[in-house]
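Asks: here is a sequence together with a model predicted from it:
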Amino acid sequence: MNNSLDASNIDQPPVHPPQLGDDAIDGGARPIRDGENEASSSSLAEQLTIIERKLDSLLQVVTELRQAKSRSEAPLLRRVLTPKLWTFEQYRPRTLTLRWDSTETSVDPALPSFAIVTPSYNQAKFVGRTIDSVLGQRGVEVNYLVQDGDSNDGTVDVLSGYGNRLNWRSVADEGQADGINKGFADLPGDIMGWLNSDDVLMPGALARVAEVFARRPDIDIIYGNRIYVDNVDNEVGRCILPRHDVEVIKWCDFIPQETMFWRRAVWEATGGLRRDFQFALDWDFILRAGAFGFHFHHLPVFLGCFRVHDAQKTSKIASRGEQEMQRLRTEHLGFTPDYGVIGRAIAPYMHRQIVVDAVCRLYLQLGRVPGFS
């Protein structure tokens, strides 16, 4: 609705200039005919009613505009000062170019190899993009397996369509953790990671990770920044993190799972994923790896995309997730904190995240941050 504040749009009653007839010249007055006074009063009342209604409408428009102005200005500082870690949809969808290399290239023998598992169940709509993002990684050896949980939505047809380019199996399992454990059981590779069947890797992500692992033997686990995408790969948000914090990770899970990779020694020491977790299985793995003394490193580049859609597990079992996260806090902190205590404990990290996020977004606008585009 296009409302205008231009007063010229108001329907004004017709105004007629006085007629200078014989009566006016003579200083006399024209006699009022029977009923004319009553009709004139009625017409004037109707016009006044119309004007009042128009004014009421204009006042309503002004009020709405003031409220809109307040909404656009007042939360600005709040939006800037709010951590973006768990805010999925931060702005309107933007075009994100995701092109994975389909040509065969040589593998650098100096770089470690990968074991990547995709657990899947009834994700026929998205699993193809996930697979493409792994098969399209170049410069490193990738041993890839899709471990499907006996899907019945057409996922198997999608998997079959890749022919001998894809290793996959579809058998019933006892949940995501069980499927991932089974997938890794006989999959070779120096560096490990799993990619859910609705998420994707950024082009060149594995080569970047492999280079750091090869150069830094002191690092055991690497993770990066994430991009939030919608169901058609449009960008709707970004998660840009500061350096790793070994204490804050005990209070909340800030590591984007689809960007996390670890040396095989970590998996062997921790014994894989615990099957009694459905939501926080990655945080449980992270905390147990930290308890073993493994060294985490945040790589400040976008390594993966987390897909935001109505059917994602993250939305469906939020209540179960809260229970599992509190359970982990109790196990690793020695007590069950309330949310006020949690907020105070993670506040310094969140403040760093806000600063890093703001600086990186500014530099992104200037095109001066390699790896952040």
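Replies: Sure thing, it's come through.
Asks: tell me the pLDDT of the closest residue to Thr95 other than its chain neighbours.
Replies: Once flanking residues are discounted, Thr95 sits nearest to Asn234: 6.4 Å by Cβ to Cβ, 6 or more residues apart in numbering. For glycine as for every other residue, the C-beta is placed from the backbone atoms N, C-alpha and C. We note a pLDDT of 95 for Asn234 in this prediction.
Asks: please list all residues in contact with Asn234.
Replies: With contacts defined as Cβ atoms under 8 Å, 6 or more residues apart in numbering, the neighbours of Asn234 are 93-96.
Asks: give me the buried subset of those.
Replies: Leu96 (16 or more other Cβ atoms under 10 Å).
Asks: distance to Leu281 and pLDDT for the contacts of Asn234 - can I get that in JSON lines?
Replies: Formatted as JSON lines, the entries for the contacts of Asn234 read as follows, by distance: Cβ to Cβ, whole Å; pLDDT from 0 to 100:
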{"residue": "Pro93", "distance to Leu281": "30", "pLDDT": "94"}
{"residue": "Arg94", "distance to Leu281": "31", "pLDDT": "93"}
{"residue": "Thr95", "distance to Leu281": "33", "pLDDT": "93"}
{"residue": "Leu96", "distance to Leu281": "28", "pLDDT": "93"}
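Asks: and the contacts of Asn234, which is closest to Asp199?
Replies: Leu96 (13.5 Å; Cβ to Cβ).
Asks: where's that closest one relative to Asn164, distance?
Replies: 30 Å (Cβ to Cβ, to the nearest Å).
Asks: do Arg288 as well
Replies: Using Cβ to Cβ, one obtains 37 Å as the distance from Arg288 to Asn164.
Asks: over to Ala289?
Replies: With the distance defined as Cβ to Cβ, Ala289 ends up 35 Å from Asn164.
Asks: the more surrounded of those two?
Replies: Neighbour count, other Cβ atoms under 10 Å: between Ala289 and Asn164, Ala289 has more, with 19 against 5.
Asks: distance check, that one against Ala265.
Replies: 10 Å.
Asks: okay, and the common contacts of these two?
Replies: Taking Cβ under 8 Å, 6+ apart as the contact definition, Ala289 and Ala265 share the neighbouring residues Asp220.
Asks: read off the pLDDT value for the residue nearest to Trp100 when sequence neighbours are not counted.
Replies: Counting by Cβ to Cβ, 6+ apart, Trp100 lies nearest to Gly136, which is 2.3 Å off, once chain neighbours are set aside. Gly136 is assigned a predicted lDDT (pLDDT) of 96.
Asks: just give me the neighbour total for Gly136.
Replies: By the measure other Cβ under 10 Å, the count of residues near Gly136 is 19.
Asks: and what of Thr105?
Replies: Other residues near Thr105 come to 10 when the count uses other Cβ under 10 Å.
Asks: surely it meets Gly139?
Replies: Yes - the pair Thr105 / Gly139 is scored as a contact, 6.3 Å apart, by Cβ atoms under 8 Å.
Asks: now do the helices in the protein.
Replies: Under the criterion DSSP state H, the chain contains helices at 22-25, 36-80, 127-135, 155-160, 176-184, 205-215, 264-270, 281-291, 313-316, 318-333, 339-366.
Asks: adding distance to Ser197, write those helices out as JSON lines.
Replies: Formatted as JSON lines, those follow (distance: least, Cβ to Cβ, whole Å):
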{"stretch": "helix 22-25", "distance to Ser197": "90"}
{"stretch": "helix 36-80", "distance to Ser197": "32"}
{"stretch": "helix 127-135", "distance to Ser197": "4"}
{"stretch": "helix 155-160", "distance to Ser197": "8"}
{"stretch": "helix 176-184", "distance to Ser197": "10"}
{"stretch": "helix 205-215", "distance to Ser197": "17"}
{"stretch": "helix 264-270", "distance to Ser197": "20"}
{"stretch": "helix 281-291", "distance to Ser197": "15"}
{"stretch": "helix 313-316", "distance to Ser197": "10"}
{"stretch": "helix 318-333", "distance to Ser197": "19"}
{"stretch": "helix 339-366", "distance to Ser197": "28"}
